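[1] no FASTA, just this:
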Ligand code: SF4
Ligand code: SF4
Ligand code: FES
């Protein structure tokens with residue numbers, strides 16, 4: 001088969017219960033559009049970073065179901081695909097500025113995410129992550145107060161919520177990851193130079209000079225004259 005024929009090759013896939021014939025060169029999300037679905041649902045970046053297009057996939061002659069991203073997965077003959085609905089996460093209200101010091105992080109974490117202690121190490125979250133993150137390990141690290149390590153583990157997290165959907169203990173691992181990244185950045189990653197400057201400002205050792213705006217003379221055609229040096 002030459003290249004032209006290859007691009008014309010069609011495969012039959014089932015998406016959300018609907019059997020369709022799609023060009024083998026299409027991603028699952030593109031195939032879905034070809035069925036007439038609006039391009040506003042289950043899609044965002046098309047680059048594998050927003051998590052909107054997560055799907056459950058079962059390939060022909062395989063019993064295992066995998067979690068993937070519809071914009072990053074090509075259609076295959078006999079593939080079954082489901083776009084699962086998003087579940088609203090538990091609301092957790094907190095302000096980083098309300099955490100007075102790094103010593104308080106752990107107690108705030110326990111207040112906000114008490115269910116993490118119930119983790120039963122079933123591995124469902126890790127198994128369901130389309131980015132291959134060891135989510136379970138992240139929960140154990142956060143439980144021990146190792147937020148920097150947890151944050152690093154979740155650096156690739158795209159907030160697709162599949163780990164939350166898989167968790168029998170109603171843990172929201174993606175928000176544990178986000179909390180860990182936020183507290184790490186807030187308490188540990190502030191550049192020393194910046195902090196030093198801010199302290200100097202607070203102590204009045206630096207003077208801020210506000211930029212002055214000088215009205216420029218109007219040109220005869222009504223536009224303003226700008227000096228370019
Ligand atoms: S950690 Fe959870 S939310 Fe983040 S990418 Fe993996 S499954 Fe999605
Ligand atoms: S799915 Fe829930 S209970 Fe199971 S390992 Fe992950 S966080 Fe723990
Ligand atoms: S559309 Fe953003 S990850 Fe697929």
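    Alright, I've got the coordinates. It should be emphasised that the depicted structure is a prediction, and the values quoted were computed from it without experimental measurement. Ligands and ions are numbered 1, 2, ... in the order given.
[2] hang on, residue 169 packs against residue 118?
    Yes. With contact defined as Cβ atoms under 8 Å, residue 169 and residue 118 form a contacting pair (4.5 Å). C-beta coordinates here come from the backbone N, C-alpha and C atoms, glycine included.
[3] surely residue 148 is in contact with residue 188?
    Yes. Counting by Cβ under 8 Å, residue 148 does reach residue 188; the two are 6.5 Å apart.
[4] give me the more crowded residue out of these two.
    Neighbour count, other Cβ atoms under 10 Å: between residue 148 and residue 188, residue 148 has more, with 17 against 11.
[5] how about the longest helix belonging to the chain against ligand 3, any contact?
    As assigned by DSSP state H, the longest helix anywhere in the chain is helix 173-187. No. Helix 173-187 lies out of reach of ligand 3 by Cβ under 6 Å from any ligand atom, never closer than 14.0 Å.
[6] how about that helix: buried residues?
    Residues 173-181, 183-184, 187 are the ones in helix 173-187 that count as buried (16 or more other Cβ atoms under 10 Å).
[7] those residues also near ligand 2: which ones?
    Counting by Cβ under 6 Å from any ligand atom, the members of the buried residues of helix 173-187 near ligand 2 are residue 173.
[8] ok, the buried residues of helix 173-187 vs residue 28, which is closest?
    Closest approach between the buried residues of helix 173-187 and residue 28, by Cβ to Cβ: residue 174, at 22.1 Å.
[9] the closest one - nearest residue in space that isn't next to it in sequence?
    residue 159 (5.3 Å; Cβ to Cβ, 6 or more residues apart in numbering).
[10] that neighbour sits in which helix or strand?
    Secondary structure from DSSP states H and E places residue 159 outside every helix and strand.
[11] that one and residue 181 touch, don't they?
    No. Taking contacts as Cβ under 8 Å, residue 159 lies outside contact range of residue 181: 11.4 Å.
[12] that's a helix at residue 151, yeah?
    Yes. Under DSSP: H, G, I helix; E, B strand; the rest coil, residue 151 sits within a helix.
[13] you'd agree it is up against residue 176?
    No. The criterion here is Cβ under 8 Å, and residue 151 misses it with residue 176 at 9.8 Å.
[14] shared neighbours of those two, which are they?
    With contacts defined as Cβ atoms under 8 Å, 6 or more residues apart in numbering, no residue is shared by residue 151 and residue 176.
[15] returning to that earlier point: residues contacting the residue nearest to residue 174?
    Neighbours of residue 159 in contact, by Cβ under 8 Å, 6+ apart: 50-51, 174, 178.
[16] I am finished for the moment; much appreciated.
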